[in-house]
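Engineer: Provided below are the primary sequence and the corresponding predicted coordinates.
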Amino acid sequence: EPEVTQTPSHQVTQMGQEVILRCVPISNHLYFYWYRQILGQKVEFLVSFYNNEISEKSEIFDDQFSVERPDGSNFTLKIRSTKLEDSAMYFCASRAGTGASNEQFFGPGTRLTVL
Amino acid sequence: DAKTTQPPSMDCAEGRAANLPCNHSTISGNEYVYWYRQIHSQGPQYIIHGLKNNETNEMASLIITEDRKSSTLILPHATLRDTAVYYCIVRGPFGYNQGGKLIFGQGTELSVKP
């Protein structure tokens, strides 16, 4: 069964460093998402991406964040200068296309720890 | 998207049916009810969705009241592996170039006990 994959599973970084989280969405899916979940809190929407551009972003997704689909398969989230409060699980998701029946498929997540 | 209300936690005996309620009294006519679950910090997993009619798939059944103001997710024979946080999410149909974000609440923490 096709699935969303994410690498690395765990990333440890120093405050102020740049990190890139990588995702491979399900092939033929058109819509891509990043969510995050701080330990013990809700899953929060960060950004959605369609047709090589951001279609929606939350207030969390400020200038320190960017997303890119550098080739036909990868979807990346970059945090330019990490802060302690960026420590969280980051989930990538993808969905096929329009229509309410197109549910989102989530990856296993990357645990980001900022020291 | 309409707001949902779920009990924070529930217990269920292994092998019994787990019935998870959700209130969505402000749901509008074109909004769907989605259920996802999250097993211990893994990525959320889609379970089922519906608009008006009851729905069933290999994982669960979804019962939506006639006035659509509430719904119940039914896991017919709960196993220990069904222990998870279950999220009820209401949203409109995805349209062209719409973001399609999912707004997660706190969900219901279901504990299936032997």
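Structural biologist: Good, I have the coordinates.
Engineer: Run the chain-centre distance for the helix or strand encompassing A:V47.
Structural biologist: If you go by DSSP states H and E, A:V47 is part of strand A:43-50. Mean C-alpha position of strand A:43-50 versus that of the full chain (Cα atoms, centre = their mean, to the nearest Å) differs by 7 Å.
Engineer: List the contacts of it.
Structural biologist: Strand A:43-50 is contacted from outside by A:30-38, A:54-58, A:60-61, A:65, A:67, A:69, A:75, A:77, A:90-91, B:38, B:44, B:87, B:97, B:99-104, using Cβ atoms under 8 Å, 6 or more residues apart in numbering or on different chains. Yep, even glycine has a C-beta here, placed from its N, CA and C like the rest.
Engineer: Given that strand, what are its sheet partners and their directions?
Structural biologist: Paired neighbours of strand A:43-50 in the sheet (DSSP bridges): strand A:31-37 (antiparallel), strand A:53-57 (antiparallel).
Engineer: Which among the contacts of strand A:43-50 count as buried?
Structural biologist: Taking 16 or more other Cβ atoms under 10 Å in any protein chain shown as the criterion, what is buried in the contacts of strand A:43-50 is A:31-37, A:55-58, A:60-61, A:65, A:67, A:69, A:75, A:77, A:90-91, B:38, B:44, B:87, B:99-104.
Engineer: Okay, now the unreliable bits of chain B?
Structural biologist: Counting by pLDDT under 70, chain B shows low-confidence ranges at B:1-2, B:93-99.
Engineer: can you map out the strands along it?
Structural biologist: B:9-13, B:18-23, B:32-38, B:45-50, B:55-56, B:61-64, B:70-75, B:84-91, B:108-113 (DSSP state E).
Engineer: any idea of the angle the fourth one forms with strand B:84-91?
Structural biologist: Note on geometry: by axes from the mean of the first three to the mean of the last three Cα atoms, to 10 degrees, strand B:45-50 and strand B:84-91 are set 40 degrees apart in direction.
Engineer: what's the offset of strand B:45-50 from the middle of its chain?
Structural biologist: 7 Å.
Engineer: For it, buried residues please.
Structural biologist: Residues of strand B:45-50 classed as buried under the neighbour-count rule (16+ other Cβ under 10 Å) are B:46-50.
Engineer: which ones are touching the closest residue to B:H49 other than its chain neighbours?
Structural biologist: Distance criterion Cβ to Cβ, 6 or more residues apart in numbering or on different chains; nearest residue to B:H49, sequence neighbours excluded, is B:Y34 at 4.3 Å. B:Y34 sits next to A:103, B:46, B:48-49, B:88-91, B:102 when contact means Cβ under 8 Å, 6+ apart.
Engineer: make it 10 Å
Structural biologist: For B:Y34, the contact set (Cβ atoms under 10 Å, 6 or more residues apart in numbering or on different chains) comprises A:100, A:103-104, B:4, B:46-50, B:62, B:87-91, B:102.
Engineer: Distance of it relative to B:C22?
Structural biologist: 10 Å (Cβ to Cβ, to the nearest Å).
Engineer: any common contacting residues for these two?
Structural biologist: Taking Cβ under 10 Å, 6+ apart as the contact rule, B:Y34 and B:C22 both touch B:4, B:62, B:87-90.
Engineer: and of these, the nearest to chain A?
Structural biologist: Closest approach between the shared contacts of B:Y34 and B:C22 and chain A, by Cβ to the nearest Cβ: B:Y87, at 7.9 Å.
Engineer: Just give me the neighbour total for the nearest residue to the closest one once chain neighbours are set aside.
Structural biologist: Using Cβ to Cβ, 6+ apart and skipping residues adjacent in sequence, the residue nearest B:Y87 is B:G107, 4.2 Å away. By other Cβ atoms under 10 Å in any protein chain shown, the residues close to B:G107 number 26.
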